[in-house]
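>>> please find the sequence and the predicted model below.
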Number of protein chains: 2
Amino acid sequence: MSDGAARRGRRPGAPDTRAAILAAARERFAVAGFPATSVRAIATDAGVDPALVHHYFGTKRDLFMAALEVPVDPREVLTPVIAAGPDSAGEGIVRAMLSVWDDPDRRLPLVAMVRNLLDPSAPNLFQESFLQVVIGPVLVDLGIDDVARRLPFVASQLVGLIVLRYVLAVEPMASLPAEEVVATVGPTVQRYLTGPLPS
Amino acid sequence: MSDGAARRGRRPGAPDTRAAILAAARERFAVAGFPATSVRAIATDAGVDPALVHHYFGTKRDLFMAALEVPVDPREVLTPVIAAGPDSAGEGIVRAMLSVWDDPDRRLPLVAMVRNLLDPSAPNLFQESFLQVVIGPVLVDLGIDDVARRLPFVASQLVGLIVLRYVLAVEPMASLPAEEVVATVGPTVQRYLTGPLPS
């Protein structure tokens, strides 16, 4: 939609308006988290009409993905994993994640997103927003039980893997073939998804 | 030793000298990593005699721990885990780590250390220094084979756990009893330490 608007010739002030909306959204999501943030409040902060926010960015979730600079929607990438069901989801999730991250063209935007999300001064971004809005629904769609309890363990392994392999590029992790990482880390994610939890 | 020096009355310029040495050490370790950094080079950068560096900080490893603000030496905390041997090391390492991190008095300095170590603009600090100097020797002492390959996987799980439970304090992970985390994450670390690796 925004590409279409650009092709039709946007008025000169529009890029600033978009930037103001994104900055207001980032700030609101960081302070209050996704559930407690309204598009109306973001529009007020940015000094625009809420309809313009929807026109530029679509839904509140779309706006969140734009504000956090999420370059690839995990829910889309994981569609085949969800279709294959929970018993192969551990390896499936790791394989899908690596296929996105191993693409050099996507690396820099993804690292920028991680820095945004893991900013310790805005912990709501990760917990109340990214985990609950972007990742949690994938586990629900997979039919995983007790998602609230399992999700942080899944996230702990995937965040650590991203930090070691991509953000810090620790060797030999950074250069291992993807399938070796899948075979090593996949069973961990599988156990966190469907294994027994301690009582 | 530095406490003794303080009690005997350090000359007024000394705190600045210590700070200059620490700043030079941080910079050198960040740029070149631990192995390629010499105490002599740090002393030159700080404008002091190498003997003074040793007098204030002890060995190069001690200086590294001070420069990176490592408040607890993992090698000391893990002595009983090493004595118990590799077959219980997965749970042992996680339990020892949580016992240090769950202490509220140590939390802030530890988070500061993690920010230092995970600074993406200085990746050598984590790989060539913290992993190789501080954590790797623990696995060697445990008699783990193929440490270079296993260490990044162990680190990926532990770093992710620290980020989720302590740096971002994601719930319910942040409030789970330590033993539940040990029972859930311990088997992961155990498999990375002693389980089969994909060929």
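Now that the structure is in, tell me what you want to look at. Numbering: from 1, shown residues only, chains lettered A, B, ... in the order given.

>>> drop to CA atoms for contacts and neighbour counts, all remaining ones
Noted.

>>> just the buried positions in the helix ranked longest in chain A, please.
Longest helix in chain A, counting residues (DSSP state H): helix A:14-32. Under the neighbour-count criterion of 16 or more other C-alpha atoms under 10 Å in any protein chain shown, helix A:14-32 has A:17-18, A:20-32 buried.

>>> for that helix, packing partners?
When contacts are defined as 3 or more C-alpha pairs under 8 Å, 6 or more residues apart in numbering or on different chains; DSSP states H and E, helix A:14-32 sits against helix A:39-46, helix A:60-67, helix A:123-124.

>>> what about that helix, average pLDDT?
Averaging pLDDT along helix A:14-32 yields 89.

>>> report the contact partners of A:Pro109.
A:Glu69, A:Val70, A:Pro71 (C-alpha atoms under 8 Å, 6 or more residues apart in numbering or on different chains).

>>> and chain A, which residues reach chain B?
Counting by C-alpha under 8 Å from any C-alpha of the partner chain, the positions of chain A adjacent to chain B are A:118, A:120, A:123, A:126-127, A:148-149, A:152-153, A:155-161, A:163-164, A:167-173, A:180, A:183-185, A:188, A:192, A:197-199.

>>> swap in 6 Å and give it another go.
Contacts of chain A with chain B, taken as C-alpha under 6 Å from any C-alpha of the partner chain, map to A:120, A:123, A:127, A:156-157, A:159-161, A:164, A:168, A:170, A:180, A:198.

>>> buried ones among these?
Buried, going by 16+ other C-alpha under 10 Å: A:Pro120, A:Pro123, A:Gln127, A:Ser156, A:Gln157, A:Val159, A:Gly160, A:Leu161, A:Leu164, A:Leu168, A:Val170, out of the residues of chain A next to chain B.

>>> turn the residues you listed into a markdown table, columns for secondary structure.
As requested, those are exported to a markdown table (DSSP: H, G, I helix; E, B strand; the rest coil):
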| residue | secondary structure |
| --- | --- |
| A:Pro120 | coil |
| A:Pro123 | helix |
| A:Gln127 | helix |
| A:Ser156 | helix |
| A:Gln157 | helix |
| A:Val159 | helix |
| A:Gly160 | helix |
| A:Leu161 | helix |
| A:Leu164 | helix |
| A:Leu168 | coil |
| A:Val170 | coil |
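
>>> let's have those residues in a markdown table, adding pLDDT.
Shown next, in a markdown table, are these (pLDDT from 0 to 100):
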| residue | pLDDT |
| --- | --- |
| A:Pro120 | 72 |
| A:Pro123 | 72 |
| A:Gln127 | 78 |
| A:Ser156 | 96 |
| A:Gln157 | 97 |
| A:Val159 | 94 |
| A:Gly160 | 96 |
| A:Leu161 | 97 |
| A:Leu164 | 93 |
| A:Leu168 | 88 |
| A:Val170 | 90 |
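
>>> now do the domain split for chain A, please.
A:2-67, A:74-194 (automatic domain parsing).

>>> tell me how far the shortest one lies from the chain's centre.
Just to be clear, that refers to domain A:2-67. Mean-position distance between domain A:2-67 and its chain equals 18 Å (C-alpha atoms, centre = their mean, to the nearest Å).

>>> now do the contacts for the nearest residue to A:Asp45 once chain neighbours are set aside.
Of all residues not flanking A:Asp45 in the chain, A:Ala24 sits nearest, at 5.9 Å (C-alpha to C-alpha, 6 or more residues apart in numbering or on different chains). Shown in contact with A:Ala24 (C-alpha atoms under 6 Å, 6 or more residues apart in numbering or on different chains): A:Ile42, A:Asp45, A:Ala46.

>>> what about A:Glu69, which SS state?
Assignment for A:Glu69 (three-state DSSP): coil.

>>> what mean pLDDT does stretch A:102-111 have?
Mean predicted confidence for stretch A:102-111 is 88.

>>> from A:Val39, how far off is the residue nearest to A:Asp45?
According to C-alpha to C-alpha, to the nearest Å, A:Ala24 and A:Val39 sit 10 Å apart.

>>> just A:Asp73 next, same as before
Distance of A:Asp73 to A:Val39, computed by C-alpha to C-alpha: 20 Å.

>>> when these two are compared, which one has more neighbours?
A:Val39 (21 against 12; other C-alpha atoms under 10 Å in any protein chain shown).

>>> what are the buried residues along the helix or strand hosting A:Asn116?
Element membership for A:Asn116, per DSSP states H and E: helix A:104-117. Across helix A:104-117, burial judged by 16+ other C-alpha under 10 Å covers A:Arg107, A:Pro109, A:Leu110, A:Val111, A:Met113, A:Val114, A:Asn116, A:Leu117.

>>> let me see the contact set for the first one.
By that I understand A:Arg107. Applying C-alpha under 6 Å, 6+ apart to A:Arg107 gives the contacts A:Trp101.

>>> can you tell me how far it is from A:Met113?
Using C-alpha to C-alpha, we find A:Arg107 at a distance of 10 Å from A:Met113.

>>> next: A:Val182.
Note on A:Val182: its distance to A:Met113, by C-alpha to C-alpha, is 23 Å.

>>> with A:Gly47 instead?
Look at A:Gly47 and A:Met113: by C-alpha to C-alpha, they are 26 Å apart.

>>> where does chain A have low pLDDT?
A:1-13 (pLDDT under 70).

>>> repeat the analysis, applying 90 as the threshold.
A:1-15, A:29-35, A:65, A:67-76, A:104-135, A:137, A:167-169, A:197-199 (pLDDT under 90).

>>> output the residues of chain A next to chain B in CSV, with distance to A:Phe64 appended to each entry.
Shown next, in CSV, are those (distance: C-alpha to C-alpha, whole Å):
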residue, distance to A:Phe64
A:Pro120, 18
A:Pro123, 15
A:Gln127, 14
A:Ser156, 22
A:Gln157, 24
A:Val159, 20
A:Gly160, 23
A:Leu161, 24
A:Leu164, 26
A:Leu168, 26
A:Val170, 30
A:Glu180, 33
A:Pro198, 34
